[in-house]
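Trainee: pasted the sequence and its predicted model underneath.
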Amino acid sequence: MNKILGYCLDTANIDWIKEGMEMYPLRAFSMNPGIARRDLMGKDQSFFDALKEIRETIGENTEFHVQTIGPTAEEIIKDAEAIRAHVKGDNLYVKIDAYPEGYKAMKKLHAMGYKITATAIVTVNQALLSIEAGADCVAVYVGRADNISGNGIKVVEEIGKVMKMKGINNVILAAASMRTAHQVEQAALAGADNVAVSLDLLKACASHPLTNSSVDAFVKDWETLYGEGKRIYNLE
C-alpha cells in the first residue's frame, strides 16, 4: 500500500508521543531546541536520557529527527556525533539549519554516512543547496515563511517541481512550522512527502464537528432501535 502522507510528530513529551502513537498513523518524530525547551524544561532528565526514552518508545526503525545546535560546522559535526552516540537505530536523521556553516557540515556528515535533514528552509535556493550538500530530507518552514509575507506552501510546491524535473526521488520533501489544518492540507496538495505537526494540530486535522455530530447521531439512532448501551457486539 502506498503511503500518501507521512505525519511527523514534533514533540519531546513522552506522554504526547505515546498518545500520538496510540491514536494516529505516525511515520516519524522530531525535536528542535524550541521543542526541547518547551517539553523538557524543569524535568529531572538529561537531554540524552530524553532521546533514549523517545527512541525506546518509538522503536529503532522509526524515523527520528534530532536537531544540532552548534553555529559553526565543526560544532554541528560534534553535536551530530554526540546525538548518534546516544540514539540507536539506522533511521536517525540529524537536523541541520540551511545556512553556509550548515551546508559545510552537511557535506562532511554526508560523507561520514549520516542521514541529514536540512531545516529552517524558507527558499527554493536553500533546499537545492541542501540537497546538493547531501541532505536526505529538506524541511520547509511554512509558517515562518508566511510570517514574513512569504508563501511557504508555494516554496514547497516549487521545490517539488525542481526535484521532479531533475529526477530526484530519494529526498524527503517535508513541510514544517505549520499553524493550521488548512496549511497541512495545502502542503499535501503542493507535493510534500511529510508534514511535521504538533499533537494539537494533528488532532485538528483528524476530526471535524460535523463528523463528531454524525457519530453521536448514529449512536442515538442505534440505541433508539435496540436500547441504551447496545452495540453490535452485545446484541445477543
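Mentor: On my side now, so go ahead. Residues are numbered from 1 along each chain as shown.
Trainee: can you tell me the helix or strand for Val138?
Mentor: Taking DSSP states H and E as the definition, one finds Val138 inside strand 137-141.
Trainee: what lines up beside that strand in the sheet?
Mentor: strand 115-121 (parallel), strand 172-176 (parallel) (DSSP bridges).
Trainee: from Ile54, how far out is Asp15?
Mentor: 12 Å (C-beta to C-beta, to the nearest Å). Where C-beta positions appear, they are placed from N, C-alpha and C, glycine not excepted.
Trainee: looking at this, Arg84 is in a helix?
Mentor: Yes - residue state for Arg84 (DSSP: H, G, I helix; E, B strand; the rest coil) corresponds to a helix.
Trainee: look up the closest residue to it, ignoring the ones flanking it.
Mentor: Spatially, and ignoring its direct neighbours in sequence, Arg84 is nearest to Leu92 (6.3 Å; C-beta to C-beta, 6 or more residues apart in numbering).
Trainee: pretty sure that neighbour is touching Lys115, no?
Mentor: Yes - here Leu92 lies in contact with Lys115, judged by C-beta atoms under 8 Å, at a distance of 6.4 Å.
Trainee: rewinding a little: so for the strand holding Val138, what's the average pLDDT?
Mentor: Averaging pLDDT along strand 137-141 gives 98.
Trainee: output the contacting helices and strands for the helix or strand just after that strand.
Mentor: Using DSSP H and E, the helix or strand that follows strand 137-141 towards the C-terminus is helix 142-147. Packing partners of helix 142-147 (3 or more C-beta pairs under 8 Å, 6 or more residues apart in numbering; DSSP states H and E): helix 152-165, helix 181-189.
Trainee: can you rerun that using 6 Å?
Mentor: Under the contact definition 3 or more C-beta pairs under 6 Å, 6 or more residues apart in numbering; DSSP states H and E, helix 142-147 sits against helix 152-165.
Trainee: doesn't Lys78 belong to a strand?
Mentor: No - membership of Lys78 in a strand is not supported by three-state DSSP, which gives helix.
Trainee: now it. Nearest residue, chain neighbours left out?
Mentor: Gly70 (6.5 Å).
Trainee: the one you found against Asp79, yeah?
Mentor: Yes - judged on C-beta atoms under 6 Å, Gly70 makes contact with Asp79 at a distance of 5.1 Å.
Trainee: of those two, who's got more company?
Mentor: The residue with more neighbours, out of Gly70 and Asp79, is Asp79; 19 against 16, by other C-beta atoms under 10 Å.
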